[in-house]
Each structure stands twice: as C-alpha cells, then as structure tokens.
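Engineer: sequence first, predicted model second:
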Amino acid sequence: MLVQFRNIYFFLILSLFLTSPLQSQTKGTCQPEFSLDQYLEKQDLKETKKNPVFVFFDGSLSMQGFVKDQPGQKNLYRDVVDDLQQISENVGTKTFYHRFGSSIESIRENEIARVTKPTFYVCEQSQAKCNNQETRLELAFKAANANKNGTYIIVTDLFLSNKQLVGSTLNSLTTPLKSILKNGKSIGVFGVMSSFNGTIYDIPAKAGGTIKYADAKKRPFYIIVIGDQKNINRIKKNLEEQHFIDKSDHYKFALITSSPVLQNLNQNKIITENHISTISNAVNFKFEYSGNNLAVYNFDTNKNRTMQFNVKNSEIIVPGSAGVEKYKVKENLWSSKETNCRKIQASDWKKAKIQKISSWKNQGDKFSLDLFKDFSLDKLFTRSRYFYTASIYADKPGNLSEEIFKDWDLKDSEAEDFKGQNPVEFKTLNLVKIMKILNSVAADMFEPTLVANVALNFNLLKK
C-alpha cells in the first residue's frame, strides 16, 4: 500500500514538473495587458417555412417596346420574364404577381403570360384612369417592407425624371429603402440590354416639357431584387446560367448592401504568415493565433526591414457589392527593455503615445497596410522588445455600382441632344443618380465593421 502511494506521489510531482513551463508561457507576459474590439457577427435573416416571393412588373407604356420583336436583335426581356415564374419558385414557397404604374394592381397567376404581350401595357378604354402613364417605383419599394421574410422582384425600365428624385418624392423612395437595409436585406440590381421596338416617352426637353423617341432598336431594362443576399445570388446564378450565356449578351449587376464586408479575417482564421511577404525569413519567426483569435507575427529584426500587410479585396468584400471606400486603422505600441519572454513581467511593458504609425491604401484588387511607414523602425531603440497591434475597420462603403452603370446613364440636360443623334441603343435617364441614391442610403445604414486584428511581437536588434 505504501509503495502504491509513493508511486502516485511520484507521478504527481513529475506531472507538475512537466506542465509548469507550459503554464508560464501561456500566461502571456510576452504580451502587454490589453483588449481589442472583437467582431460581432451579424445575424442572418431567420429561415422560415413561409418565404414568399412578390413580383412587380412596370406597366408603363414605354415598357411595351420590350415585348415587340426587333428584326436582327435578341429579345432578352421576353425570355427572362417568361422564366421569372420558375426562378421565383426556386427561391420561395409561393409567388404573388403585381403590376405597378400610378398604383399597384394584383395579377392572377393564370394571367402572367399577358406581361409579354403588347396589350398588357395598353390602357383599356373602359377604365376611368389609365395606369400606364407613370412609373411609381416608390410604391414597389414601400410594398417591399410588408413582409420581412419575403423576396421582392421588380421589373422596370428605371426611367425616372429629375422631379421624381428630389424633395418629398425622393423621401418616399429612400424611406422604405432605409428600412429594407436596416432589416438586414440587400438590393441586387440587374441591368439587361435587350431589343426594343416601341416608343420611349417622357424624355426631358430643354425648353421644358417632354419629347418622345421611336427609333431605338436596343434599350436596357432592370430587375431589382430585394431580399436576403443568398436569394439574390441564387437568382443571379439562375439568370446567368439560363439567359446570359453568349458573350454578346450584355448585362450588368451591382449589389447594394449596408454590410459590404464579407467576413472577419480573424474569426475565420484567414490571416496567414503570407499576408506579410518575406516576414517568414526573419530570425526566430513564428506565426500564431493567440487569445481572441489575434493574428500574431513573432520575430527578431533590425531597423532595415520593411513590412506590408496585404489582403485581397475578395477576402474582405462581398462579391458584386459597392465595396469599401475608406478604412480606419486603430494602432497601439508597447515597448520593454527586457527582451526575453521568460523574464518579462506585465509591469515591464510601457505604452507609447504615438498617434500614427502605419498607413493604408486600397488600390486595384488589394488593401495594403504599410507597417511602420509613418513612424519608422529607425525611431525605435534597439535591444528592446516591441508589441504592436493594428485593428483594421471598414469605415465607409464604396460606390462601385455607379461606375458599373455609368455608360448606360443619360442626364436630363443631355437627353434632347442625345435623342437628336438618332441612337440605335438608348440609355437610361438619371441612372447614375439613382445608383447614387441607393449607395447613399446604404452608407447611412452602414456601421464601421472590424475586418482584422493583427499584432507584431518583435525584438529590435542592433545592426
């Protein structure tokens, strides 16, 4: 019995001896005491059994030209509209169809085929008031707030005059959009160049009033999808696979969202040693994720080293979205005269009062943080250990969608002269202004988002 007790006692002492060095290393005295903001993951829209789809067709008279064949031109409008019923069924549980102009009217499912017929856009003489004289887009946007679980598809020529984009009319557009984005939904805008054989109305004239044009052979129409990003991408995939196969099929896409950040690089452990090129060649290099998934680069270096943290935009930004225009970087720097991690105490670390250490740039397809660009390593004392942290935030969404649709844009002031050139391919009135409005609403709803937390833990050696 005594021998058994001694054996147990021996193994207890041995285990303590073996584990104590590990415990002293994990105390983290080789790092100062600090806290960094952590990424708060946005909650996805809850999946429900009821996921309806609401489709709204612009019934204005200018839309009639899309359903009439134009010799020598491909009619994508009719093909896409014919397929919307199947696409909607792939997204939701039940589909409801509507027509909008100066008001919204329900369409029975067995009457959907009429949307691809010229008679759908003609006012019946028996009606007291025609519903084909206006495009009240704000009515469809307002309706998109009715069901938080729904997906809304709006088909329109998006031909809006200046007076529809100012004052109270503009507010009636932006108010429901803010609510849509605040509720976690996104807005996908598809632009499709299709054949056109009809009349374009309400073109602004310089002398006042409006004029019309009937010689266009091609013209873009638009599909606006409001809902969960997952459903928008599903519709995008369906359209691309079924209709935009040929290189001659000209279409555009932009995603308007108040959350253009795809992911937090720490949470998904995307950051690797390769995000700082050649750093792995440094003396005593080690890359690790420490507490709270902080990406830490440990190494020894001299003052001659240049370091740049590079991230591909595809790692940060939601595909198809307007991207990120402005970033913000929060930095901290601590120093210790004791360089041996085993000997450093928490009290050895001194925090520096430096406002700006590194600088960032966003060019081409990557975000770059030039580490110690503004406050260089030359200004630091050698034979000391330093601990540096950088928290990178997306601070302002971009406006990429404006550039995407720029070549299809027609300003009010240019409209009459453009019409006088007898164009075969007619542009969309105030298209860039509409995209600016969408981006502005998204920017208002945007909240700064933490992209990455990065740390450098290094000894600065004498040359």
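Structural biologist: That came in fine, so what should we check first?

Engineer: mind listing what Leu425 touches?
Structural biologist: Residue 425: Glu, not Leu. 193, 216-219 (Cβ atoms under 8 Å, 6 or more residues apart in numbering). Placement of C-beta: from N, CA and C, glycine included.

Engineer: any idea how far Tyr121 is from it?
Structural biologist: In this view, Glu425 and Tyr121 are 21 Å apart by Cβ to Cβ, to the nearest Å.

Engineer: likewise for Asp444?
Structural biologist: For Asp444 relative to Tyr121 (Cβ to Cβ), the value is 35 Å.

Engineer: Lys185 now?
Structural biologist: 29 Å.

Engineer: tell me which of the two has more neighbours.
Structural biologist: When neighbours are counted by other Cβ atoms under 10 Å, Lys185 comes out ahead of the other of Lys185 and Tyr121, with 26 against 23.

Engineer: please report phi then psi for the more buried one.
Structural biologist: Backbone torsions of Lys185, given as degrees, to the nearest 10, read phi -90, psi 160.

Engineer: just Ala455 next, same as before
Structural biologist: Per degrees, to the nearest 10, the backbone of Ala455 is at phi -130, psi 150.

Engineer: I figured it hits Ala295, correct?
Structural biologist: Yes - with contact defined as Cβ atoms under 8 Å, Ala455 and Ala295 form a contacting pair (6.8 Å).

Engineer: circling back to that earlier point, turn the contacts of Glu425 into a markdown table, including distance to Ala205.
Structural biologist: As requested, those are exported to a markdown table (distance: Cβ to Cβ, whole Å):
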| residue | distance to Ala205 |
| --- | --- |
| Met193 | 26 |
| Ala216 | 17 |
| Lys217 | 23 |
| Lys218 | 23 |
| Arg219 | 19 |
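
Engineer: out of the residues you listed, which comes closest to Asn284?
Structural biologist: The nearest member of the contacts of Glu425 to Asn284, counting by Cβ to Cβ, is Met193 at 58.9 Å.

Engineer: if we can go back for a sec, from the contacts of Glu425, which land in strands?
Structural biologist: Among these, the residues falling in strands (DSSP state E) are 193, 218-219.

Engineer: which residues sit against the helix or strand harbouring Tyr152?
Structural biologist: Secondary structure from DSSP states H and E places Tyr152 in strand 151-156. Residues outside strand 151-156 that contact it (Cβ under 8 Å, 6+ apart): 51-58, 63, 81, 84, 88, 91-92, 135, 137, 140, 143-144, 221-228, 231, 235.

Engineer: follow-up on the earlier one: of all the contacts of Glu425, which comes closest to Leu429?
Structural biologist: Arg219 (11.2 Å).

Engineer: hmm, the closest one is touching Ser194, no?
Structural biologist: Yes - between Arg219 and Ser194 there is a contact under Cβ under 8 Å: 6.9 Å.

Engineer: identify the contacts common to the two.
Structural biologist: Phe66.

Engineer: on that earlier part again, can I get the contacts of Glu425 in CSV with pLDDT and distance to Asn302?
Structural biologist: Putting the contacts of Glu425 into CSV (pLDDT from 0 to 100; distance: Cβ to Cβ, whole Å) gives the following:
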residue, pLDDT, distance to Asn302
Met193, 94, 58
Ala216, 96, 67
Lys217, 96, 68
Lys218, 96, 63
Arg219, 96, 64
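
Engineer: what subset of the contacts of strand 151-156 is buried?
Structural biologist: 51-58, 63, 81, 84, 88, 91-92, 135, 137, 140, 143-144, 221-228, 231, 235 (16 or more other Cβ atoms under 10 Å).

Engineer: restricted to strands, list those.
Structural biologist: Judged by DSSP E, the buried ones among the contacts of strand 151-156 include 53-58, 221-227 as members of strands.

Engineer: in JSON lines, list those residues along with pLDDT and distance to Val451.
Structural biologist: Formatted as JSON lines, those follow (pLDDT from 0 to 100; distance: Cβ to Cβ, whole Å):
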{"residue": "Val53", "pLDDT": "94", "distance to Val451": "33"}
{"residue": "Phe54", "pLDDT": "95", "distance to Val451": "35"}
{"residue": "Val55", "pLDDT": "95", "distance to Val451": "36"}
{"residue": "Phe56", "pLDDT": "95", "distance to Val451": "36"}
{"residue": "Phe57", "pLDDT": "95", "distance to Val451": "40"}
{"residue": "Asp58", "pLDDT": "94", "distance to Val451": "39"}
{"residue": "Phe221", "pLDDT": "97", "distance to Val451": "36"}
{"residue": "Tyr222", "pLDDT": "97", "distance to Val451": "32"}
{"residue": "Ile223", "pLDDT": "96", "distance to Val451": "31"}
{"residue": "Ile224", "pLDDT": "96", "distance to Val451": "29"}
{"residue": "Val225", "pLDDT": "96", "distance to Val451": "27"}
{"residue": "Ile226", "pLDDT": "95", "distance to Val451": "26"}
{"residue": "Gly227", "pLDDT": "93", "distance to Val451": "25"}
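
Engineer: distance of the nearest residue to Asp348 once chain neighbours are set aside from Gln133?
Structural biologist: The shortest distance from Asp348 to any non-neighbouring residue, by Cβ to Cβ, 6 or more residues apart in numbering, is to Ser336 (4.5 Å). Applying Cβ to Cβ, the value for Ser336 to Gln133 is 75 Å.

Engineer: more crowded one of these two?
Structural biologist: Between Ser336 and Gln133, counted using other Cβ under 10 Å, the more crowded position is Ser336 (23 against 14).

Engineer: against Lys351, how distant is that one?
Structural biologist: From Ser336 across to Lys351, the span is 11 Å (Cβ to Cβ).

Engineer: ranges for the helices of the chain?
Structural biologist: Secondary structure of the chain (DSSP state H): helices located at 2-25, 76-91, 137-143, 167-182, 229-242, 313-316, 400-404, 412-420, 431-445.

Engineer: so which of those helices comes closest to Asp300?
Structural biologist: helix 2-25 (17.6 Å).

Engineer: surely Leu450 meets Gln38?
Structural biologist: Yes - taking contacts as Cβ under 8 Å, Leu450 lies within contact range of Gln38: 7.3 Å.

Engineer: the two: which has the busier surroundings?
Structural biologist: Leu450 (21 against 15).

Engineer: quick check: the residue most central in space within the chain vs Ile344, distance?
Structural biologist: The residue lying closest to the centre of the chain (Cα atoms, centre = their mean) is Pro260, at 2.7 Å. Distance of Pro260 to Ile344, computed by Cβ to Cβ: 41 Å.

Engineer: tell me which residues of stretch 33-40 are tucked away?
Structural biologist: 36, 39.

Engineer: scratch that, stretch 439-453
Structural biologist: 439, 441-443, 445-446, 449-453.

Engineer: farthest-apart pair in those residues, please.
Structural biologist: Farthest pair in the buried residues of stretch 439-453, by Cβ to Cβ: Val441 and Asn453, 29.9 Å.

Engineer: low-confidence ranges in this protein?
Structural biologist: Residue ranges of the chain with pLDDT under 70: 1-29, 42-49, 124-129, 131-132, 247-249.

Engineer: care to break it down by domain?
Structural biologist: Listed domain ranges for the chain are 53-256, 262-397+449-460 (source: automatic domain parsing).
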